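J.: with the sequence up front, the predicted model follows.
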Amino acid sequence: MATFTLLVQIEINKDSIDKFMPLALENARATRESETGCRQFDVLVDPSDPSRVMFYEIYDDEAAFQAHQQTAHFKRYVDTALQYLSSRTRIPLRRVAP
């Protein structure tokens, strides 16, 4: 089965880290716990700069990712958390090995 993987590179405004992180962690938790099409959702933080964050998300397929974007928890995240970011880059990937 071909999975859909997404990397999201995030730069948080330095004065907003404490506001952003609980929202990001709640979205990741809700995704992992309630979406059967989500295989993995990691939140990674640069140990030398906590304003640099990456999401590593794996879904069964692109349809599962599209369904994720329609959930209440994702919409709440977008509506509340994006205001705290200075940049966000989404990188879709296709796994080729192993």
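T.: Happy to help now that I have it.
J.: what sits up against stretch 67-75?
T.: 26-27, 30-31, 34-35, 37-38, 59 (C-beta atoms under 8 Å, 6 or more residues apart in numbering). Using the backbone N, CA and C atoms, a C-beta is placed for each residue, glycine as well.
J.: which among those count as buried?
T.: By neighbour count, with 16 or more other C-beta atoms under 10 Å, the contacts of stretch 67-75 hold 27, 30-31, 35, 37-38, 59 as buried.
J.: now render those residues as TSV, adding pLDDT.
T.: Converted to TSV, these look like this (pLDDT from 0 to 100):
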residue	pLDDT
Asn27	98
Ala30	98
Thr31	98
Glu35	98
Gly37	97
Cys38	98
Tyr59	96
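J.: what about those, which are in helices?
T.: Residues of these located in helices (DSSP state H): 27, 30-31.
J.: Asp60 is in contact with Gln40, correct?
T.: No: counting by C-beta atoms under 8 Å, Asp60 is not a contact partner of Gln40; they are 10.9 Å apart.
J.: out of those two, which sits in the more crowded spot?
T.: Asp60 (17 against 13; other C-beta atoms under 10 Å).
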